[in-house]
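> A predicted structure for the sequence below; I have some questions about it.
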Number of protein chains: 2
Amino acid sequence: MANGGLRLYSYWRSSAAYRVRIALNLKGLDVQQVPVHLVRDGGEQHAPGFRRVNPQGLVPTLQHGQRLIRQSMAIIEYLDETFPDEPLLPATARERARVRGLSQVIACDMHPLGNLRVLQYLEREFKATPEQREAWIRHWLALGFEAIEQLLADNPSTGSFCEGDAPTMADCLLVPQLYNARRFGLDLAPYPTVRRVEGNALGLEAFRAAAPEAQPDGPPPG
Amino acid sequence: MANGGLRLYSYWRSSAAYRVRIALNLKGLDVQQVPVHLVRDGGEQHAPGFRRVNPQGLVPTLQHGQRLIRQSMAIIEYLDETFPDEPLLPATARERARVRGLSQVIACDMHPLGNLRVLQYLEREFKATPEQREAWIRHWLALGFEAIEQLLADNPSTGSFCEGDAPTMADCLLVPQLYNARRFGLDLAPYPTVRRVEGNALGLEAFRAAAPEAQPDGPPPG
């Protein structure tokens, strides 16, 4: 779809970039991906050129024409307001609050604690072993998924997706967080409603095509 | 203002609850505060009764009639949509994205790393000393404020407040994070634009009346 020129600064394994890739796909928006390798050469996100794009040195960043939009939830809401077909936020204030609240459990209370720079700090300053770092990640993920499971299972607003029967921003955040949880060996058996919603999402090509392994900068298939 | 019955589950020193108190004050909404003491008796947020209000065991939670809204940014956007006078999100998609992006630097990348439960984990599992825990907090706060300073100083959209000349959600998040930063001894000299905006905000009674020390469950004046 013609969109005035969208570029996404992304990294295949960044779960925050993965969220935005799902949103773009759900809206059928073409985007030029600009890979930013977070590990190679000490991390391309720290290069002065990229710091002008994103002063935090984080992906994703969306460029729309000359405009730069940062932070994944802000990007998704911007896309939703700018390209309103296939809405990612529901119609009422109550439903929107629920979608934003679920999204923020993930974006504020789960994801940031497992971010690369946080793990690097734990290793450097607290001499945390790989096992301790993975236990740390799983601890925060489990707390978050317990809450999300309860919020989904106990609420009649939950449908095939987190809110109703169409994907919203909350699903754009949930699926990458589950990918991340598997990577770190979290047992997902205690979260049946979460897994049911994930299964429905992965039935859609928009979610599958956004997966880390499907990206141009991802690992070679093998 | 008549509002259908608003209750805020809050703790005087929680910077996430402080954000919502500012938003309520800016909109002139009366609210009944329900204090949840995060330290006493092992933390009232862990009590089964409160877990039904908020499965994460976190404050704030807003109750509007029978409806429960969780996560501070979701609460502020809900208030803005439900009580549109004195808007806290600006008029255009570009400006809203900027306000949300600035808010999310704080809510996703700064605040969660200094949360009480995170500090408790560092102490328990990594034997982090009080000095190490405070250095940890200051590290993440400094990274965040560096980015925010640049995002504010480099953008002509910044006015008396983070976006333009009226307070928005971003200011509701910025002021509590600065309160928190002072509590942990962060040097704020490198962030002149941040401090200028804070000074303008604290010129408004809505911000001052939301301060931790002004709350019914806060410390006795002395």
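Structure received.
> name the element A:D187 belongs to?
If you go by DSSP states H and E, A:D187 is not part of any helix or strand.
> do A:Q33 as well
Assessed by DSSP H and E, A:Q33 sits inside strand A:32-35.
> List the buried residues for whichever helix or strand comes after that strand?
Using DSSP H and E, the helix or strand that follows strand A:32-35 in sequence is helix A:48-53. Residues of helix A:48-53 classed as buried by neighbour count (16 or more other C-beta atoms under 10 Å in any protein chain shown): A:F50, A:V53. Where you see a C-beta, it was placed from the backbone N, CA and C, and this is true even at glycine.
> What is helix A:48-53 packed up against?
If you count contacts as 3 or more C-beta pairs under 8 Å, 6 or more residues apart in numbering or on different chains; DSSP states H and E, helix A:48-53 packs onto no helix or strand.
> hey, C-alpha coordinates of it in CSV?
In CSV, the C-alpha atoms belonging to helix A:48-53 read as follows (Å, rounded to 0.1, in the frame of the first residue of the first chain):
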residue,chain,number,x,y,z
PRO,A,48,27.1,8.1,16.3
GLY,A,49,25.1,7.9,13.0
PHE,A,50,22.4,5.7,14.6
ARG,A,51,22.4,7.8,17.8
ARG,A,52,21.0,10.7,15.7
VAL,A,53,18.2,8.3,14.6
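> Now tell me what touches it from outside.
Helix A:48-53 is contacted from outside by A:Y9, A:V36, A:E44, A:G57, A:T61, A:Q63, A:L68, using C-beta atoms under 8 Å, 6 or more residues apart in numbering or on different chains.
> got a list of what the closest residue to the last one other than its chain neighbours touches?
The one in question is A:L68. The spatially closest residue to A:L68, leaving aside those adjacent along the chain, is A:T61, at 5.9 Å (C-beta to C-beta, 6 or more residues apart in numbering or on different chains). By C-beta under 8 Å, 6+ apart, A:T61 lies in contact with A:L8, A:Y9, A:V53, A:N54, A:L68, A:I69, A:R70, A:I75.
> Next step: these restricted to helices.
The helices, defined by DSSP state H, take in A:V53, A:I75 from these.
> got the contacts of A:T61 as JSON lines, with pLDDT columns?
Below are those laid out as JSON lines (pLDDT from 0 to 100):
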{"residue": "A:L8", "pLDDT": "97"}
{"residue": "A:Y9", "pLDDT": "96"}
{"residue": "A:V53", "pLDDT": "90"}
{"residue": "A:N54", "pLDDT": "93"}
{"residue": "A:L68", "pLDDT": "96"}
{"residue": "A:I69", "pLDDT": "97"}
{"residue": "A:R70", "pLDDT": "97"}
{"residue": "A:I75", "pLDDT": "98"}
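> Select only the buried ones of the contacts of A:T61 in ChimeraX?
Selection of buried members from the contacts of A:T61 for ChimeraX, criterion 16+ other C-beta under 10 Å:
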select /A:8,9,53,54,68,69,70,75
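> Adding distance to B:A153, write the contacts of A:T61 out as a markdown table.
Putting the contacts of A:T61 into a markdown table (distance: C-beta to C-beta, whole Å) gives the following:
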| residue | distance to B:A153 |
| --- | --- |
| A:L8 | 26 |
| A:Y9 | 22 |
| A:V53 | 16 |
| A:N54 | 16 |
| A:L68 | 15 |
| A:I69 | 19 |
| A:R70 | 15 |
| A:I75 | 22 |
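> Name the nearest of the contacts of helix A:48-53 relative to B:W140.
A:G57 (13.4 Å; C-beta to C-beta).
> any idea how chain A splits into domains?
Taking automatic domain parsing as the criterion, chain A consists of the domains A:6-87, A:93-207.
> Off-centre distance for the shortest one?
Distance, stretch centre to chain centre, for domain A:6-87: 11 Å (C-alpha atoms, centre = their mean, to the nearest Å).
> And stretch A:195-208, by the same measure?
14 Å.
> Now tell me what touches it from outside.
Outside stretch A:195-208, the residues that reach it (C-beta under 8 Å, 6+ apart) are A:22, A:25-26, A:152, A:158, A:160-162, A:167, A:171, A:174-175, A:178, A:188, A:214.
> wait, which of these is closest to A:E131?
Set against A:E131, the nearest of the contacts of stretch A:195-208 by C-beta to C-beta is A:L188 (19.9 Å).
> That closest one against A:R182, yeah?
Yes - assessed by C-beta atoms under 8 Å, A:L188 is found in contact with A:R182 at 7.3 Å.
> Between those two, which has more neighbouring residues?
A:L188 (16 against 10; other C-beta atoms under 10 Å in any protein chain shown).
> ok, now which ones touch that one?
Going by C-beta under 8 Å, 6+ apart, A:L188 touches A:F145, A:L178, A:A181, A:R182, A:V194, A:R195.
> neighbours around the last one, how many?
It refers to A:R195. Considering only other C-beta under 10 Å, A:R195 is surrounded by 15 other residues.
> Report the separation between A:E125 and A:G42.
A:E125 is 18 Å from A:G42, where distance means C-beta to C-beta, to the nearest Å.
> Also A:L116?
12 Å.
> between those two, who's got more neighbours?
Using other C-beta under 10 Å, the more surrounded residue of A:L116 and A:G42 is A:L116, with 15 against 9.
> Please name the nearest non-neighbouring residue to that one.
Nearest non-adjacent residue to A:L116, counting by C-beta to C-beta, 6+ apart: A:L38, 6.1 Å away.
> A:M110 too?
Among residues not flanking A:M110 along the chain, A:G144 sits closest, at 3.7 Å (C-beta to C-beta, 6+ apart).
> any idea which element that neighbour lies in?
Element membership for A:G144, per DSSP H and E: helix A:130-153.
> Heading C-terminal from that helix, find the next helix or strand.
helix A:169-183.
> pLDDT on that next one, on average?
Mean pLDDT, helix A:169-183: 97.
> Name the residues of that helix that are buried.
Neighbour-count burial for helix A:169-183, counted by 16+ other C-beta under 10 Å, picks out A:169-181.
> what's it packed up against?
Applying 3+ C-beta pairs under 8 Å, 6+ apart, we find helix A:169-183 packed against helix A:15-26, helix A:72-82, helix A:93-109, helix A:130-153, helix A:192-202.
> Name the nearest of the contacts of helix A:48-53 relative to chain B.
Chain B has its nearest neighbour among the contacts of helix A:48-53 in A:G57, at 8.3 Å by C-beta to the nearest C-beta.
> Would you report the backbone torsion angles of that closest one?
When read as degrees, to the nearest 10, the backbone of A:G57 gives phi 70, psi 40.
> In contact with the closest residue to it other than its chain neighbours, which residues are there?
The shortest distance from A:G57 to any non-neighbouring residue, by C-beta to C-beta, 6+ apart, is to A:Q45 (4.3 Å). Shown in contact with A:Q45 (C-beta under 8 Å, 6+ apart): A:V36, A:L38, A:N54, A:G57, A:L58, A:V59.
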